[in-house]
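# This is the structure alone, sequence omitted:
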């Protein structure tokens, strides 16, 4: 028998913000989304409304109805991170705003992407990192968590919250580490004219990208191409490209050999 965890009784929750909160700001508290009805000063006890009817400002005129999947709220932190003002975002599809791309520069955010389809069904979506476009045309890596909430409207519309964090510095550090490791591996390669050929197990392996390691890990779990693509929310052709890159870098010819190599060299967990 399924059980439920009681969270709160009533239509509001107590809230003491760490920074000033303005009336109308949306605040995510664990599994609850609350809206400040009045300004709340940092460090002072206030309240967030968790039920009710709220007016969302948007453009007016013909053709400005908010479509399914469109953003209905954009907070100050998101504006600081990507540069878009709320009035530039509200009412537009998320893929159109973020224009997210993965490590291989493949389009991640697109109309009815797997993230949108899963969240619209209320299914859990794994946290992911994409390279988003800022308002100035620059690129910024963001780590995104998806929170789909229960359907409460009569038309079946579901509120889906995107929580994203700036991970640009982390990605830059990761790229620098990969560059340094690749340089070390190049130094370890035998010099020209050296007739001594090292054992295959001792030959340096080209660095796998983060996405290729994810694909390899899922292959080691017994997933096929379709399952890997769905798990990572990427296309089947993109998954096949990753698999071929793994074969080339590990110098193997089959998935079984790749998985065996990964286990032997600690590239994936046996758990």
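Ah, there it is. These figures come from a predicted structure and were not determined experimentally. Residues are numbered from 1 along each chain as shown.
# can we go C-alpha only for contacts and neighbour counts from here?
Will do.
# Low-confidence ranges, the protein, go.
Applying pLDDT under 70 to the chain picks out residues 1-11, 29-33, 50-73, 151-157, 185-186, 188-206, 270-271.
# How is it divided into domains?
Domain assignment for the chain by automatic domain parsing gives 8-52, 69-167, 204-264.
# Turn those domains into JSON lines, columns for distance to residue 177.
Written out in JSON lines, the entries for the domains of the chain read as follows (distance: least, Cα to Cα, whole Å):
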{"stretch": "domain 8-52", "distance to residue 177": "34"}
{"stretch": "domain 69-167", "distance to residue 177": "15"}
{"stretch": "domain 204-264", "distance to residue 177": "10"}
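# so which of these gets nearest residue 175?
Minimum separation from residue 175 across these (Cα to Cα) falls at domain 204-264, 9.5 Å.
# how far is that closest one from where the chain is centred?
Taking Cα atoms, centre = their mean, to the nearest Å, the mean C-alpha location of domain 204-264 is offset from the chain mean by 20 Å.
# returning to that earlier point: can you say which of the domains of the chain is nearest to residue 178?
The minimum distance between residue 178 and the domains of the chain falls on domain 204-264, with 7.0 Å, by Cα to Cα.
# all strands for the stretch 101-250 of the chain, in order.
Counting by DSSP state E, counting those that start in this stretch, the stretch 101-250 of the chain has these strands, from start to end: 128-133, 139-148, 160-166.
# will you turn these into JSON lines that also has mean neighbour count?
Supplementary listing: the strands of the stretch 101-250 of the chain in JSON lines, determined by neighbours: other Cα atoms under 10 Å:
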{"stretch": "strand 128-133", "mean neighbour count": "21"}
{"stretch": "strand 139-148", "mean neighbour count": "20"}
{"stretch": "strand 160-166", "mean neighbour count": "17"}
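# can you redo the ones you listed as TSV with distance to residue 228?
Supplementary listing: these in TSV, determined by distance: least, Cα to Cα, whole Å:
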stretch	distance to residue 228
strand 128-133	15
strand 139-148	19
strand 160-166	23
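# out of these, which comes closest to residue 262?
Closest of these to residue 262 is strand 128-133, at 22.9 Å (criterion: Cα to Cα).
# Packing partners of the closest one?
Packed against strand 128-133 by the contact rule (3 or more Cα pairs under 8 Å, 6 or more residues apart in numbering; DSSP states H and E) you find helix 94-98, strand 139-148.
# nearest to residue 124, of those?
Taking Cα to Cα as the criterion, strand 139-148 is the member of the helices and strands packed on strand 128-133 that comes nearest to residue 124, at 7.6 Å.
# Which residues does that closest one contact?
Contacts of strand 139-148 with the rest of the structure, by Cα atoms under 8 Å, 6 or more residues apart in numbering, involve 82, 119-120, 122-134, 158-168, 171.
# Now do that strand against strand 128-133, angle only.
Angle between the axes of strand 139-148 and strand 128-133 is 130 degrees (criterion: axes from the mean of the first three to the mean of the last three Cα atoms, to 10 degrees).
# Distance from strand 139-148 to the middle of the chain?
Using Cα atoms, centre = their mean, we find the averaged C-alpha position of strand 139-148 to lie 4 Å away from the chain's own average C-alpha position.
# what are the pairing partners of it, and which direction each?
strand 128-133 (antiparallel), strand 160-166 (antiparallel) (DSSP bridges).
# In terms of helix, strand or coil, where does residue 34 fall?
Recorded secondary structure, residue 34: strand (DSSP: H, G, I helix; E, B strand; the rest coil).
# Identify the bridge partners of it.
Per DSSP bridges, the residues bridged to residue 34 are residue 27.
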